[in-house]
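S.K.: Would you be able to build a 3D model of this:
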Amino acid sequence: MTQRKGISTGTTAQRSIEEAGKIRFNTTTSLLEYYDGTDWKSIDAPPTVSSVSPSNLLSGDGTGNYTIVVTGSGFSSSVTATIITDGGTEITPDTTTRDSSTQVTLVVAKNTANLTNANEPFDIKITNNSGLAGTLADALNVDAQPVFSTSAGSLFSGTSSSYSDITISASDPESGGDITYSLESGSLPAGLSGTSTSSGYVISGTPTNPVSNTTSNFTIRAADVNSNISDRAFSITINAIQFQSFTSSGTFSVPSGTTSVDVLVVAGGGSGGGQVGGGGGAGGLIYRPGFPVTPGGTVTVTVGDGGTVPGSSQTGVAGQDSVFGTLTAKGGGRGGSYEGGGSGTGGSGGGGGNDGGLAGSSATQPTQPGDSGTYGFGNSGGNGYPGQWGGGGGGGAGAAGNNAAASQGGNGGNGKAYTIADGTTSVYYAGGGGGCSDDAITPSNGSGGQGGGGNGGTNSGGGAPGTAGTANRGGGGGGTRDYPNPYSGHPGGKGIVIVQY
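M.R.: Predicted coordinates for the structure are as follows:
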């Protein structure tokens, strides 16, 4: 039995001493207490509620319980707790446990009425056994949904050729964790696809050029790890690419409101050489995006012809220039032959003839005046092989012509590919012509380069006759041994001018 100054605990004498003092400090509750003649009562200040964890309640699938830890000070030995909606409705937790004078733990079912996102934010109120209470306002949220950082509405409006990848992003205010994205409704433009990544919903690809301006409306859903979701509506407009192809000379009328256009200018290809000739050089090529024009004005367009078959001459004929305003693409160089080398005046150089290994000619396509970059393209022709064995390939806009080898004509250089015609389909232009072989029995003639280059040909014994450069591609003509008349090569392809706006 506990003794106090020689008096037994619980005796009348002890009670009298306690009544005389009336105040004591309770080390269990950390509160001062007074004796009311029957029992000890706290001299109670209101408790303080300083924080709540978690501050965002994640509902998940709505089953189970929320466990909420309330931190503060002055919590009495027994407390009651109340969760208060934004509208003032009180929710009583399923259990309230006073852990210490500084901590209380609440448990409440997730499916409790009124404990929903629509009623947030929630206050937390702790009431001591004295009836005094402390409240933390706006302490809780339920299902703080992912927040989009990408504004709703139009993400892009333009042509397919100007489209680049778009990323839609959101953040998770609850945990900062990963967001999963999905296409909830609607559809993306044809040619585009969406991928959920850690950086956001990435819309990539090349849009299909529509017949008319087309707007695609769609909704993207962002979901966090607890399946809390946010939806946002977006749109992408793909404008129909307008373009005009010139296969003959004429005038381009600039539409009202158009201040710049993308232009492809391809000159005529040179013809191939004869008598084991080299391939014709491709027409010079210019691709000039953002070429300035005057709204409502006109631009003169010239489309160059390909080099023609030279008749009795062995050496090929250069192609003609193509012109759009101040942009001039030089005609392709002529293919060399037994009697002479390739011409040195071509947009792409012609291939060299075979006698003594005549050299192919150089490209002369210039960079256009006033440009900040290189928009003109052309390459040199390949060399012939000595001893009447093969002609070199003509140069293409994208690569030089190949040198000839023993009994083998050089391949023409490849051209360059663009989608300017419809914004989607990639087409090669300005390929060099192939050189021919001098072997009439088992010839190995050079192939034309991608972009309309003609093949070299033999047209005797087992050899194929070769081909001309493709019209409206500016390809160089194939070199030949004896076609169509003795010692003459194949014609070059006509050029083209394409304007996109």
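S.K.: Surely residue 95 and residue 107 touch.
M.R.: Yes. Taking CB atoms under 8 Å as the definition, residue 95 is a contact partner of residue 107 at 4.5 Å. Just so you know, the C-beta spots here come from the backbone N, C-alpha and C atoms, and that holds for glycine as well.
S.K.: ok, the spatially most central residue of the chain - contacts?
M.R.: Most central in the chain under CA atoms, centre = their mean is residue 165, positioned 2.4 Å from the mean C-alpha point. Contacts of residue 165 were listed using CB atoms under 8 Å, 6 or more residues apart in numbering, and they are 202, 203, 204.
S.K.: Quickly find the element holding the second one.
M.R.: Okay, so that is residue 203. Secondary structure from DSSP states H and E places residue 203 in strand 200-205.
S.K.: number of nearby residues for residue 26?
M.R.: A total of 15 residues lie near residue 26 under the criterion other CB atoms under 10 Å.
S.K.: what's the answer for residue 337, then?
M.R.: Counted with other CB under 10 Å, the burial measure for residue 337 works out to 35 neighbours.
S.K.: Next one: it from residue 273, what distance?
M.R.: Residue 337 sits at a distance of 4 Å from residue 273 (criterion: CB to CB, to the nearest Å).
S.K.: and for these two, which residues touch both?
M.R.: Taking CB under 8 Å, 6+ apart as the contact criterion, the common neighbours of residue 337 and residue 273 are 314, 315, 316, 353, 391, 479, 489.
S.K.: top of these by neighbour count?
M.R.: Among these, where neighbours are counted by other CB under 10 Å, the top count belongs to residue 391, at 52 neighbours.
S.K.: Test my guess that residue 220 contacts residue 180.
M.R.: No. In this structure, residue 220 sits apart from residue 180 without contact. The criterion is CB under 8 Å, and the distance is 11.0 Å.
S.K.: just the helices in the chain please.
M.R.: Along the chain, the stretches classed as helices by DSSP state H are 12-21.
S.K.: got the domain boundaries for it?
M.R.: Per the record's domain assignment (automatic domain parsing), the chain is made up of the domains 11-42, 48-142, 147-239, 242-501.
S.K.: How far does the second one stretch from one end to the other?
M.R.: Right, domain 48-142. Using CA to CA, to the nearest Å, the gap from the first to the last residue of domain 48-142 comes to 23 Å.
S.K.: Stretch 427-435 now?
M.R.: Counting by CA to CA, the length from the leading to the trailing residue of stretch 427-435 is 23 Å.
S.K.: what does stretch 468-475 give?
M.R.: Stretch 468-475 has an end-to-end distance of 8 Å (CA to CA).
S.K.: same deal with stretch 480-493?
M.R.: The first and final residues of stretch 480-493 sit 16 Å from each other (CA to CA).
S.K.: pLDDT on it, on average?
M.R.: Looking at stretch 480-493 alone, the average pLDDT works out to 77.
S.K.: what's the answer for stretch 136-156, then?
M.R.: Mean predicted lDDT for stretch 136-156 stands at 92.
S.K.: repeat for stretch 84-92
M.R.: Across stretch 84-92, the average pLDDT comes to 96.
S.K.: Just checking, which of the shared contacts of residue 337 and residue 273 comes out lowest on pLDDT?
M.R.: Looking at the shared contacts of residue 337 and residue 273 by pLDDT, the weakest one is residue 353, with 70.
S.K.: and residue 482, what does it touch?
M.R.: Neighbouring residues of residue 482 by CB under 8 Å, 6+ apart: 274, 275, 458, 459, 460.
S.K.: Buried subset of those residues as a ChimeraX selection?
M.R.: Buried members of the contacts of residue 482, defined by 16 or more other CB atoms under 10 Å, are picked up in ChimeraX with:
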select :274,275,458,459
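S.K.: what's the closest of the contacts of residue 482 to residue 133?
M.R.: residue 458 (105.1 Å; CB to CB).
S.K.: thinking again about what came up before, using TSV, lay out the contacts of residue 165 together with neighbour count, distance to residue 142 and pLDDT.
M.R.: What follows is these, written out as TSV (neighbours: other CB atoms under 10 Å; distance: CB to CB, whole Å; pLDDT from 0 to 100):
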residue	neighbour count	distance to residue 142	pLDDT
202	16	31	98
203	24	32	98
204	15	36	98
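S.K.: Residue 132: neighbouring residues, count only.
M.R.: Considering only other CB under 10 Å, residue 132 is surrounded by 15 other residues.
S.K.: how many other residues sit next to the nearest residue to it once chain neighbours are set aside?
M.R.: In space, not counting the residues next to it along the chain, residue 132 is nearest to residue 46; the distance is 4.2 Å by CB to CB, 6 or more residues apart in numbering. Counted with other CB under 10 Å, residues neighbouring residue 46 total 15.
S.K.: Between residue 220 and residue 180, which is the more surrounded one?
M.R.: Between residue 220 and residue 180, counted using other CB under 10 Å, residue 220 has the larger neighbour count: 25 against 16.
S.K.: Please report how far that one lies from residue 198.
M.R.: 16 Å.
S.K.: Surely residue 177 touches residue 224?
M.R.: Yes. Using CB under 8 Å, residue 177 is in contact with residue 224, at 6.2 Å.
S.K.: The two: who's more crowded?
M.R.: More crowded of residue 177 and residue 224, by other CB under 10 Å: residue 224, with 24 against 11.
S.K.: Could I get the phi/psi values of the nearest residue to the more buried one once chain neighbours are set aside?
M.R.: When the adjacent residues along the chain are set aside, residue 224 lies closest to residue 172, with 4.7 Å between them (CB to CB, 6+ apart). According to degrees, to the nearest 10, the main-chain angles of residue 172 amount to phi -110, psi 100.
S.K.: what's near enough to touch residue 172?
M.R.: For residue 172, the residues meeting the contact criterion (CB under 8 Å, 6+ apart) are 146, 147, 178, 179, 224.
S.K.: Return the distance of the first one relative to residue 398.
M.R.: Look at residue 146 and residue 398: by CB to CB, they are 47 Å apart.
S.K.: what's the answer for the last one, then?
M.R.: Noted for residue 224: a distance of 50 Å to residue 398, by CB to CB.
S.K.: ok, residue 24 touching residue 32?
M.R.: Yes. When contacts are counted by CB under 8 Å, residue 24 is listed as touching residue 32 (7.3 Å).
S.K.: tell me, how many neighbours does residue 270 end up with?
M.R.: Based on other CB under 10 Å, the number of other residues close to residue 270 is 48.
S.K.: Begin at 126, not 1, for the rest of this chat.
M.R.: Okay, residue one is now 126; in that scheme the one you just asked about reads as residue 395.
S.K.: OK, contacts around it?
M.R.: By CB under 8 Å, 6+ apart, the contact set of residue 395 is 405-408, 431-432, 441-444, 456-460, 468, 471, 475, 519, 558, 601-602, 617.
S.K.: Same question for residue 583.
M.R.: Contact partners of residue 583, counting by CB under 8 Å, 6+ apart, are 561, 562, 564, 565, 568, 570, 589, 590, 591, 605, 606, 607.
S.K.: If we use 6 Å, what do you get?
M.R.: For residue 583, the contacting residues are 565, 568, 606, by CB atoms under 6 Å, 6 or more residues apart in numbering.
S.K.: Can you say which of those residues are buried?
M.R.: The neighbour-count test (16+ other CB under 10 Å) applied to the contacts of residue 583 identifies 568, 606 as buried.
S.K.: Pick the one among the contacts of residue 583 closest to residue 356.
M.R.: Of all these, the one sitting nearest residue 356 is residue 568; the distance, using CB to CB, is 67.8 Å.
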